[in-house]
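Peer 1: quick one, structure for this:
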Amino acid sequence: MSMRALSVLWIVASSAAISVGTSAVIMIILGNDLYTQSANAKLIVITGITGIAMGVMGLVTSHYNPLIKTSKKIKRFLSKAKMIEAEGNYRDDVKRDYLERITANVNVVIKDLVILENLVRKYIDNCLSKDWQTVRDFADRSGRQIEELEHEIVLDFAQIIDLVHSRSLIERSRTNNLYHSLYLCYEILRISPEYDEHLLIDLRKELSVHIAQLDNMLVLLEQEKEN
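Peer 2: Reported below is the predicted structural model:
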């Protein structure tokens, strides 16, 4: 028999004892013929009072019974556990949504940087002024787009930073790391390649390294989605 059924049965029995005992005593007090004419009227009063006492004791016992109290504690614990689980599921869903959006934005940044790195490589190989103008135009457009995307990425990470498990991903999400893409775009706009050839070569290498770092960030994002 379950603890709930046992508790209900105990309370019903105790209540019945109190009810019968109280009824008997009241009938004697009111002088009910059926009871007052009985030779055992005194015994009935004693029995009624005993029934009331036993009923009260039963109710008190049911309230303080260790097994019943333990059952109530277990129910409270299970209820709290369900609430915690529901809250945890909600937090996981929110975290996953943010990670998906961050991943999409990082992918766009990588795509722009790959195109920019290829344009810079082409200019270094050919050294044509028209090629450099193409590099500048793309760096300018990409810089403005990357600035918006990386601003969104920083804000999204700020919303879930307490839920992220990977220390490496947290490090990658720091502002100075994310905005390095923007810095590279602006450096390309700033230099004059005919005078800064070695700097341009260094910038192309730095673009390649940074793209690899962002690729690694994508791997960390995918792993974090599974945690």
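
Peer 1: I115: what's it in contact with?
Peer 2: With contact set as Cβ atoms under 8 Å, 6 or more residues apart in numbering, I115 has these partners: 138, 142. Every C-beta, even on glycine, is put in place using the N, C-alpha and C of the backbone.

Peer 1: using the three-state scheme, assign it.
Peer 2: Reduced to three states with DSSP: H, G, I helix; E, B strand; the rest coil, the structure at I115 is helix.

Peer 1: gap between it and I153?
Peer 2: Distance of I115 to I153, given as Cβ to Cβ, to the nearest Å: 19 Å.

Peer 1: ok, and the closest non-adjacent residue to I161?
Peer 2: Of all residues not flanking I161 in the chain, I170 sits nearest, at 6.7 Å (Cβ to Cβ, 6 or more residues apart in numbering).

Peer 1: which elements pack onto the helix or strand encompassing the one you found?
Peer 2: Using DSSP states H and E, I170 falls within helix 167-172. Counting contacts by 3 or more Cβ pairs under 8 Å, 6 or more residues apart in numbering; DSSP states H and E, helix 167-172 is packed against helix 197-225.

Peer 1: may I see the buried residues of the helix it packs on?
Peer 2: Applying a neighbour-count criterion of 16 or more other Cβ atoms under 10 Å, the buried positions in helix 197-225 are 200, 203-204, 207, 210-211, 214, 217, 220-221, 224.

Peer 1: what of stretch 111-131?
Peer 2: In stretch 111-131, residues buried by neighbour count (16+ other Cβ under 10 Å) are 112-113, 116-117, 119-120, 123-124, 131.

Peer 1: what of stretch 165-181?
Peer 2: When burial is assessed from 16+ other Cβ under 10 Å, stretch 165-181 yields the following buried residues: 169, 172-173, 178-181.

Peer 1: who's in contact with that stretch?
Peer 2: Counting by Cβ under 8 Å, 6+ apart, stretch 165-181 makes contact with 109, 113, 146, 150, 153-154, 157, 161, 164, 210, 213-214, 216-217, 220-221, 223-224, 227, all of which sit outside it.

Peer 1: if you set the cut-off to 6 Å instead, what comes out?
Peer 2: 109, 113, 146, 150, 153-154, 157, 164, 210, 217, 220, 224, 227 (Cβ atoms under 6 Å, 6 or more residues apart in numbering).

Peer 1: just stretch 107-114 next, same as before
Peer 2: The contact list for stretch 107-114 (Cβ under 6 Å, 6+ apart) reads 142, 146, 149, 181, 207, 211, 214.

Peer 1: how big is the angle separating the host helix or strand of E147 from helix 197-225?
Peer 2: Here E147 sits within helix 129-160, counting by DSSP H and E. Computed with axes from the mean of the first three to the mean of the last three Cα atoms, to 10 degrees, the direction of helix 129-160 lies at 30 degrees from that of helix 197-225.

Peer 1: how far away is H210 from R101?
Peer 2: Distance check for H210 against R101: by Cβ to Cβ, it reads 21 Å.
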